[in-house]
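S.K.: Sequence and predicted structure, then a few things I'm wondering about:
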Amino acid sequence: MSVNRILIADPIHPHALSLLRSNSRIEVAVAKGLSEAQLIDLIADYEAIIVRSKTSVTTSVIEAARRLKVIGRAGNGLDNIDVATATRRGIAVLNAPDVSSNSTAEFALAQLLSLSRNLPQAHASMRAGEWQPARFMGTQVMSKSVGVIGFGAVGRKFARLCLALKMEVLVHDPFLNFENEEAGIEAVTLEELLSRADYVSLHCPLTERTRLLIDAVKLAQMKPGARLINCARGELIDETALLEALQSGRLAGAALDVYASEPPANSPLLTLDTVVLTPHLGASTEEAQQMVGLKIANAVADLLLKDQVSQVTAASV
Ligand code: MLT
């Protein structure tokens with residue numbers, strides 16, 4: 001009986017690890033925080049690799065693979081995987097796109113409310129022994145407009161949450177199917193969204209087309225005093241231009257969960273009072289991580305042991 005070796009290169013939920021370890025035809029190795037060179041050294045021994053967003057499965061890693069049949073992405077975005085090279089080499093790329101979308105949409109709403117009511121700043125002030133209610137006067141979100149860029153699973157759920165708060169919801173997505181437009185949600189061009197929205201929230205994947213989507217030009221098109229929310233990918237935003245827009249007061253604030261480089265060491269964005277910062281937590285709930293882990297573990301095992309695909313995105317098998 002042949003044994004399939006799976007390399008787990010980023011943290012996945014313990015239930016997913018147990019599921020894989022309980023199968024006598026699977027051998028699991030866990031090695032987190034590997035550099036690209038270390039991964040290149042190791043990958044030749046494995047039939048499968050599972051990553052989250054920290055480890056990149058680059059062209060060089062895939063070219064060093066000898067037996068690799070499947071790359072499992074425990075999560076949504078595939079920007080850390082060279083899907084084109086994997087496809088060319090007949091390696092399947094599987095992800096779990098929908099199961100963490102509720103958690104990420106809830107997180108984006110938490111960012112929007114934190115920004116509006118200065119929750120992290122007020123908390124830090126209380127911890128410093130202060131009592132300054134006047135300093136943290138907030139903004140009500142009801143009747144404000146929110147622009148949702150990207151109307152996939154997360155953007156859609158976030159938009160519905162905003163509708164429940166009686167916000168005006170504008171959406172821009174080049175792939176939006178107008179027949180599926182939902183009640184209360186207005187599809188607009190990117191320019192219109194930027195000029196009308198009090199809050200702009202990014203929910204699109206990182207691709208060559210969307211890299212630096214929000215640059216100095218787009219920031220200048222945003223409504224004066226608007227707020228920007230990003231729990232998608234850091235490279236969607238030109239961070240230098242964002243810094244300038246915040247420092248000049250053109251934008252009232254930003255909530256960032258993701259950064260061009262993670263962690264964002266020495267970024268001046270970390271020093272601004274108008275920025276709410278979190279360390280890539282969008283999909284980090286017990287529920288989402290358990291579902292993501294189990295889904296990808298089952299999908300990778302099915303592909304290795306039964307040559308059966310239970311979930312495939314982007315790549316061919
Ligand atoms: C995702 O793409 O699923 C999220 O960014 C969370 C993660 O890093 O896995």
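M.R.: All right, it came through fine.
S.K.: The stretch 51-200 of the chain: strands as residue ranges?
M.R.: Using DSSP state E, counting those that start in this stretch, the strands of the stretch 51-200 of the chain run over 70-73, 92-95, 145-149, 168-172, 185-187, 199-202.
S.K.: And the residue lying closest to residue 291 once chain neighbours are set aside, its phi and psi?
M.R.: In space, not counting the residues next to it along the chain, residue 291 is nearest to residue 99; the distance is 4.0 Å by C-beta to C-beta, 6 or more residues apart in numbering. To be clear about C-beta, it is placed using only N, CA and C from the backbone, and glycine gets the same treatment. In terms of degrees, to the nearest 10, the main-chain angles of residue 99 are phi -70, psi -20.
S.K.: Quick check: the gap between residue 99 and the ligand.
M.R.: Look at residue 99 and the ligand: by C-beta to the nearest ligand atom, to the nearest Å, they are 9 Å apart.
S.K.: returning to that earlier point: could I get the strands of the stretch 51-200 of the chain as JSON lines with mean neighbour count?
M.R.: Compiled in JSON lines, those are given as follows (neighbours: other C-beta atoms under 10 Å):
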{"stretch": "strand 70-73", "mean neighbour count": "28"}
{"stretch": "strand 92-95", "mean neighbour count": "24"}
{"stretch": "strand 145-149", "mean neighbour count": "26"}
{"stretch": "strand 168-172", "mean neighbour count": "21"}
{"stretch": "strand 185-187", "mean neighbour count": "17"}
{"stretch": "strand 199-202", "mean neighbour count": "27"}
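S.K.: now those as CSV including distance to residue 82 and mean pLDDT?
M.R.: Output for the strands of the stretch 51-200 of the chain, formatted as CSV (distance: least, C-beta to C-beta, whole Å; pLDDT from 0 to 100):
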stretch, distance to residue 82, mean pLDDT
strand 70-73, 9, 98
strand 92-95, 9, 97
strand 145-149, 25, 98
strand 168-172, 28, 96
strand 185-187, 33, 94
strand 199-202, 23, 98
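S.K.: got a markdown table for those, with distance to the ligand too?
M.R.: Written out in a markdown table, the entries for the strands of the stretch 51-200 of the chain read as follows (distance: least, C-beta to the nearest ligand atom, whole Å):
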| stretch | distance to the ligand |
| --- | --- |
| strand 70-73 | 8 |
| strand 92-95 | 8 |
| strand 145-149 | 16 |
| strand 168-172 | 20 |
| strand 185-187 | 23 |
| strand 199-202 | 12 |
